[in-house]
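Colleague: sequence-free structure coming up:
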C-alpha cells in the first residue's frame with residue numbers, strides 16, 4: 001500500500017509538474033562548467049615548489065580533471081551515492097516524489113538522490129533547499145545536464161564541487177586532508193573511505209557522520225557498503241577487493257582551530273603574501289587588477305612559486321624571531337624589534353624575509369599604509385654611507401682623497417656635525433678610506449655638501465632605494481617617480497650623507513645587493529612563477545618573474561666600495577670574505593641613547609640587511625645586559641649568525657679587487673697627515689685610535705653612532721690604508 005501511495009503521488013507530481021517541466025526545460029540555461037562559480041584555493045610555495053608557505057581562499061578546493069581521478073575512485077563514489085548513475089537519464093522521479101510527499105506530510109526532508117541532481121543542487125544557488133518547486137527546477141537542470149554532458153564530465157564537476165568534511169571541498173582537497181596525498185595516488189580502499197564520507201561528512205545532533213575520526217564504526221560499516229556495491233556492479237574484481245579498512249593510512253582529525261584556508265597569514269611569511277599580491281597585479285594576469293586581485297587570488301586556484309629559500313628563511317627566523325628559543329632576541333627587552341631581508345645579488349630574488357610576527361600587523365622591513373599615510377622607514381645612520389661613498393667615487397673622488405674630520409658647525413644653521421665626541425687622530429687629513437672604515441660623519445657631510453644631496457640620493461636610487469622619508473615633517477618621497485623633485489639641498493639636506501633620513505630594510509638590502517653585484521641592479525622580487533589549471537587539469541603558467549638586470553652603478557665604483565667594506569666586516573668564519581657596514585641613530589638630540597641600529601653585509605651570493613629598533617614608539621635601545629644597542633652589537637650578531645647558517649658549506653667566492661679610481665686631490669682636508677695622526681707601525685697610537693673608534697659616530701641634530709663596525713680592528717690594530725685583501729681576519733671571523 002505504501003509503494004502504491006508513493007507511485008500514485010509520483011504520477012500526481014508528474015502531471016502537476018508537467019507544465020512547469022515542459023515550459024522550463026528548453027528555456028533554462030544550463031551553465032557550462034567554466035561558468036559555474038567554483039572558488040579554488042591558491043597555494044603559495046617556497047622556491048623548491050614543494051614547501052607550502054600559505055594557502056589562501058574562502059574554501060579549500062583544488063580542481064582536478066577526470067583523467068586525474070582513478071576510475072575505481074569514481075566507481076566508489078557511484079557505489080556510495082548513485083549505483084545507476086551510468087544508466088539513468090540524470091533524474092530519479094520516484095525520489096522526487098518521495099521527497100515531495102515527505103515535505104507535504106511533514107516527514108523527514110530528503111535531498112536529491114542521483115549524482116547529477118546532487119551536482120545541480122550544490123552548483124547552483126537557486127536550487128538550494130528541498131521545496132517542491134525547487135525539486136522540479138533541480139530535475140529540469142539535471143535532465144539538461146545529462147543531455148549536455150557525458151557521464152565523465154558530470155562526475156568530474158560533481159567531485160570538484162561537493163564537501164568532504166575536514167575543510168575539504170572537492171576530491172583533491174579531500175585526498176590531501178584525509179590521506180596526505182593527491183587523489184591520483186589513492187588506493188581502492190582509500191577511495192572508498194572518501195566515497196563513504198559524502199553522505200554525511202560531519203557530525204550532527206542526530207548522527208556522528210561518516211568521518212572515521214568521529215565515528216569509526218559507522219564509517220567502516222558504510223565503507224563495506226561501498227565496496228560491496230562495487231563488487232555487485234562488477235566495478236571491482238575479486239582480486240582487487242581491499243583486505244581491510246585503511247585506518248593506519250588515515251591522518252588524525254584536525255585540531256580545534258586548524259587552518260584550512262588563509263593558512264600562513266599569521267606567520268612571519270605572511271608579509272610575503274602582500275608582495276605576491278602587488279607583483280601579480282604588475283604581471284597583467286586577466287582579472288588581477290588593483291580592485292579585484294585580492295579576491296581573484298582567493299578564488300582563482302593559483303599555484304605561486306616564490307623566491308623564498310626555506311633553509312635561509314629558517315635560519316633568519318632562528319636568529320631574529322623573538323618566539324624562537326635561542327634566537328638573538330629571545331631574552332631581549334620586549335620593546336626591541338628586529339627585521340631582516342636577504343637577497344640574491346645576481347637576480348634580485350628575496351631569499352629570506354622577516355618583517356614581524358605575521359602578515360596582519362606592521363611590517364618592519366617594508367612599507368605600510370596606516371591611517372592613510374605611507375610608513376615603514378627607519379633612519380639608517382652610517383649604513384647609508386655606502387651610497388655617499390659610491391656617489392663620491394662616481395664623481396672622481398678617490399679613496400685616497402683627504403678630508404677634514406674635525407667637528408663642524410654648519411654655517412647659518414644650528415647643526416653641529418661631530419663624531420660621537422671623538423677627535424680623530426687624523427684630524428684634518430683623513431683619507432676617504434679611513435673615514436669610511438672608522439665611520440667618521442664629518443667627511444661624509446662635506447662630501448654631500450660638495451656633490452649635492454640630490455647626487456647622493458640619486459646614487460641610492462640607482463642602487464635600489466625607492467622611498468625616503470623626511471623627518472620634519474614626516475613625509476615619504478618616491479624616488480622612482482619622475483615627478484619627485486629633489487634639489488641640491490631640499491627636501492633633503494646634506495645630513496643625508498651620513499643617513500639622517502629613513503628608508504626601508506627591503507630597499508636597503510636591494511641597494512646593498514646592487515653594489516655587491518658590481519653595479520648591476522636587479523629589482524628585489526618575491527615571485528618566480530604563477531600557474532593556474534586549465535580545463536584538462538594541467539598547470540599552465542600565467543605569470544612570473546621578468547628579470548631585467550640593468551647596470552646602474554659603474555663597475556669600478558662598486559668594486560672600490562666593496563673593497564673598503566670588506567675591511568670593515570672582517571669576513572665570516574672559514575675565511576669567507578664579506579662586506580659590511582653598521583649604522584646607528586640616536587633617540588633624539590637631547591639623548592645619548594640609540595633608537596635604530598643596523599648591520600649590512602654581503603658575500604657575492606647573498607646580501608643581507610638587518611635592522612634593530614622599537615616596537616611602536618621610539619625609546620632607548622638597551623639590551624638585556626643594560627648596554628646600549630648599536631650596529632656593531634645586536635644587529636651584527638644577528639647578521640653574522642644568519643649569514644653563517646644560510647651560506648653553510650657553499651663555495652667561498654671572493655670579490656674582485658678594487659680599481660682605486662678617482663682623484664686623490666679632491667678632498668677639503670690638508671694634503672699631509674696632521675701631527676698626532678697614526679702612521680703604519682705606530683702600535684700605541686693605533687691602539688688609542690682603536691679605542692676611540694669603538695665608541696661610535698655622531699651627526700648634527702639626531703646623531704649617527706658608529707665606530708669601526710667591529711671589523712678587524714676589534715682584535716688587532718687596523719691600518720685604514722691596508723688593502724682589505726691583505727688584512728688577516730681575526731680568529732672566528
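Modeller: All right, it came through fine. What you see is a predicted model, and the numbers here were worked out from it, not measured in a lab. Numbering: from 1, shown residues only.
Colleague: which helix or strand contains residue 509?
Modeller: Residue 509 belongs to helix 505-516 when assigned by DSSP states H and E.
Colleague: rounded mean pLDDT for that helix, please.
Modeller: Model confidence over helix 505-516, given as mean pLDDT, is 98.
Colleague: helices and strands around it, which ones?
Modeller: Contacting helix 505-516 under the criterion 3 or more CB pairs under 8 Å, 6 or more residues apart in numbering; DSSP states H and E are the following elements: strand 336-343, helix 385-394, helix 453-463, helix 555-569, strand 579-586, strand 594-603, strand 606-614. The C-beta positions use only the backbone N, C-alpha and C, and glycine is treated the same way.
Colleague: any regions of this structure where pLDDT drops low?
Modeller: 1-37, 93-112, 125-133, 421, 672-733 (pLDDT under 70).
Colleague: centroid residue for it?
Modeller: Of all residues in the chain, the one closest to the mean position by CA atoms, centre = their mean is residue 272, 1.9 Å from it.
Colleague: got a list of contacts for the helix or strand containing that residue?
Modeller: Using DSSP H and E, residue 272 sits within helix 270-282. Counting contacts by CB atoms under 8 Å, 6 or more residues apart in numbering, the residues outside helix 270-282 that touch it are 44, 53-54, 56, 264-265, 288-290, 293-294, 297, 304, 306, 308, 350, 353, 355-356, 358-360, 363, 365-366, 525-527, 530, 543.
Colleague: show the buried residues in the residues you listed.
Modeller: By neighbour count, with 16 or more other CB atoms under 10 Å, those hold 44, 53-54, 56, 264-265, 288, 293, 297, 304, 306, 308, 350, 353, 355-356, 358-359, 363, 365-366, 525-527, 530, 543 as buried.
Colleague: next step: the residues you listed restricted to helices.
Modeller: When helices are assigned by DSSP state H, the members of these inside them are 293, 297.
Colleague: possible to save the helices and strands packed on helix 505-516 as TSV with mean neighbour count?
Modeller: Formatted as TSV, these follow (neighbours: other CB atoms under 10 Å):
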stretch	mean neighbour count
strand 336-343	26
helix 385-394	28
helix 453-463	23
helix 555-569	25
strand 579-586	30
strand 594-603	29
strand 606-614	29
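Colleague: of all these, which lies closest to residue 221?
Modeller: With respect to residue 221, and counting by CB to CB, the nearest of these is strand 336-343 at 54.8 Å.
Colleague: which other helices and strands contact the closest one?
Modeller: The criterion is 3+ CB pairs under 8 Å, 6+ apart, and the helices and strands that strand 336-343 contacts are helix 310-320, strand 350-354, helix 505-516, strand 606-614, helix 634-647.
Colleague: now the second one: how far from the chain's centre is it?
Modeller: Between the mean C-alpha location of strand 350-354 and the chain-wide mean there is a distance of 7 Å, by CA atoms, centre = their mean, to the nearest Å.
Colleague: doesn't residue 351 make contact with residue 342?
Modeller: Yes. Taking CB atoms under 8 Å as the contact criterion, residue 342 and residue 351 are neighbours in contact, 4.9 Å apart.
Colleague: overlap in contacts, the two.
Modeller: Contact criterion CB under 8 Å, 6+ apart; residues shared by residue 342 and residue 351: 312, 606, 646.
Colleague: let's have the helices and strands packed on strand 336-343 in JSON lines, adding distance to residue 495.
Modeller: Written out in JSON lines, the entries for these read as follows (distance: least, CB to CB, whole Å):
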{"stretch": "helix 310-320", "distance to residue 495": "29"}
{"stretch": "strand 350-354", "distance to residue 495": "29"}
{"stretch": "helix 505-516", "distance to residue 495": "17"}
{"stretch": "strand 606-614", "distance to residue 495": "19"}
{"stretch": "helix 634-647", "distance to residue 495": "22"}
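Colleague: please name whichever of those is nearest to residue 62.
Modeller: If we rank the helices and strands packed on strand 336-343 by CB to CB, the stretch that ends up nearest is helix 310-320, at 21.5 Å.
Colleague: which residue is the nearest non-sequential neighbour of residue 193?
Modeller: Nearest residue to residue 193, sequence neighbours excluded (CB to CB, 6 or more residues apart in numbering): residue 223, at 5.9 Å.
Colleague: how about the strands in the stretch 101-250 of the chain?
Modeller: Secondary structure of the stretch 101-250 of the chain by DSSP state E, counting those that start in this stretch: the strands cover 163-165, 168-169.
Colleague: mind giving me the packing neighbours of the last one?
Modeller: When you say that, I think you mean strand 168-169. helix 171-179.
Colleague: swap in the longest one?
Modeller: Contact here means 3+ CB pairs under 8 Å, 6+ apart; on that basis strand 163-165 packs against helix 171-179, helix 188-197.
Colleague: to residue 206, which of the ones you listed lies closest?
Modeller: Proximity of the helices and strands packed on strand 163-165 to residue 206 was assessed by CB to CB; the nearest stretch is helix 188-197, lying at 17.3 Å.
Colleague: residues in contact with the closest one?
Modeller: Defining contact as CB under 8 Å, 6+ apart, one finds that helix 188-197 is touched by 70, 72-73, 76-77, 79-81, 164-165, 171, 174-175, 178-179, 186, 209-212, 219, 222-223, 225-227, 230, 236, 240-242, 244-246, 249-250.
Colleague: among the residues you listed, name the buried ones.
Modeller: With burial judged by 16+ other CB under 10 Å, the buried subset of the contacts of helix 188-197 is 70, 72-73, 76-77, 79-81, 164-165, 171, 174-175, 178-179, 186, 209-212, 219, 222-223, 225-227, 230, 236, 242, 245-246, 250.
Colleague: list the contacts of the residue nearest to residue 461 when sequence neighbours are not counted.
Modeller: Using CB to CB, 6+ apart and skipping the chain neighbours, the partner closest in space to residue 461 is residue 479 (4.3 Å). Counting by CB under 8 Å, 6+ apart, residue 479 touches 457, 460, 461, 465, 466, 467, 468, 486.
Colleague: and the residues you listed, which is closest to residue 119?
Modeller: Nearest to residue 119 among the contacts of residue 479, with distances taken as CB to CB, is residue 466, at 49.8 Å.
Colleague: quick check: that closest one touching residue 477?
Modeller: No. Using CB under 8 Å as the test, residue 466 is too far from residue 477 to be in contact (9.9 Å).
Colleague: and residue 619, how many neighbours?
Modeller: Using other CB atoms under 10 Å, residue 619 has 16 other residues around it.
Colleague: please apply the same query to residue 248.
Modeller: 6.
Colleague: do you know how far it is from residue 187?
Modeller: Applying CB to CB, to the nearest Å, one obtains 12 Å for the distance of residue 248 from residue 187.
Colleague: next: residue 71.
Modeller: On the measure of CB to CB, residue 71 and residue 187 end up 13 Å apart.
Colleague: the more surrounded of those two?
Modeller: Residue environment comparison for residue 71 versus residue 187 gives the larger neighbour count to residue 187, 16 against 12, counting by other CB under 10 Å.
Colleague: which residue sits closest to that one, ignoring its sequence neighbours?
Modeller: residue 246 (6.8 Å).
Colleague: cool, residue 671 as well?
Modeller: Spatial nearest neighbour of residue 671, chain neighbours left out: residue 402 (6.3 Å); criterion: CB to CB, 6+ apart.
Colleague: hang on, isn't that neighbour packed against residue 433?
Modeller: No. With the criterion set as CB under 8 Å, residue 402 and residue 433 do not qualify as a contacting pair; they are 10.3 Å apart.
Colleague: which neighbours do those two share?
Modeller: Residues touching both residue 402 and residue 433 by CB under 8 Å, 6+ apart: none at all.
Colleague: quick one on the thing from earlier: for the helices and strands packed on strand 163-165, which one ends up most surrounded?
Modeller: Mean neighbour count, computed with mean count of other CB atoms under 10 Å, is highest for helix 188-197 among the helices and strands packed on strand 163-165, reaching a mean of 26.
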